[in-house]
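>>> What shape does this take:
(2 chains)
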Amino acid sequence: EPEVTQTPSHQVTQMGQEVILRCVPISNHLYFYWYRQILGQKVEFLVSFYNNEISEKSEIFDDQFSVERPDGSNFTLKIRSTKLEDSAMYFCASSTTGNYGYTFGSGTRLTVV
Amino acid sequence: GDSVTQMEGPVTLSEEAFLTINCTYTATGYPSLFWYVQYPGEGLQLLLKATKADDKGSNKGFEATYRKETTSFHLEKGSVQVSDSAVYFCALSDPRTGANSKLTFGKGITLSVRP
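Predicted coordinates:
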């Protein structure tokens, strides 16, 4: 069964450093998403991406965050200057219709120290 | 805005016990409702869904009915197995926002099933 692949599974970074989280969506999917879950809290929507541009973003997704689809397969989330409160599990997802039937990756646990 | 509230966890049950996990929602309009499951070390997987009032979603012995009058979508299973141990998330999306509808999640609840 097709999978969404996220790398790395766990990343530790120092506060103020830039970090890039990588995702390979399912090849024929058109819509891409990032969500995050701070430990003990809800899974929160960050951003959706379609046709090479952001479709929607939450208030969490400020100027420190950016997304990119640099080639035909990867979808990345960049955090420019990490803060302690960015520590969370980050999930990438993709879908064909965008309405439901998302396929999620297994997540990247980001720890900012 | 839209929100989803799940019962507090964790939940520990013996094998073959009956499971209910409560989920209520707040939304304008008529959201689509989902249960996602996350097994250890894996991503979120869609377990079941319902898109309109009184719809019942079902999969792998799990069921949930879209109750508009009580704004609820409780997850049930008649006889749980050890392999059902996972984290369960209730979620909704608003179809009015189009094909790119984001999901609004509850906090998730950890289920542990003892042999």
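>>> Report the contact partners of A:Gln17.
A:81-82 (Cβ atoms under 8 Å, 6 or more residues apart in numbering or on different chains). In this view, the C-beta of every residue, glycine as well, is placed from N, C-alpha and C.
>>> Now do the SS call for it.
A:Gln17 falls in the coil class when you classify it by DSSP: H, G, I helix; E, B strand; the rest coil.
>>> Tell me the spacing between it and A:Thr76.
16 Å (Cβ to Cβ, to the nearest Å).
>>> Identify each buried residue in stretch B:7-20, please.
B:11, B:13, B:19 (16 or more other Cβ atoms under 10 Å in any protein chain shown).
>>> hmm, who's touching that stretch?
Here stretch B:7-20 has contacts from B:21-23, B:74-82, B:84, B:108-115, using Cβ under 8 Å, 6+ apart.
>>> Over to stretch A:56-63?
A:36, A:44-48, A:80, B:97, B:100, B:102.
>>> Including secondary structure, distance to B:Phe34 and pLDDT, could the buried residues of stretch B:7-20 go into JSON lines?
What follows is those, written out as JSON lines (DSSP: H, G, I helix; E, B strand; the rest coil; distance: Cβ to Cβ, whole Å; pLDDT from 0 to 100):
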{"residue": "B:Val11", "secondary structure": "strand", "distance to B:Phe34": "19", "pLDDT": "96"}
{"residue": "B:Leu13", "secondary structure": "strand", "distance to B:Phe34": "22", "pLDDT": "97"}
{"residue": "B:Leu19", "secondary structure": "strand", "distance to B:Phe34": "17", "pLDDT": "97"}
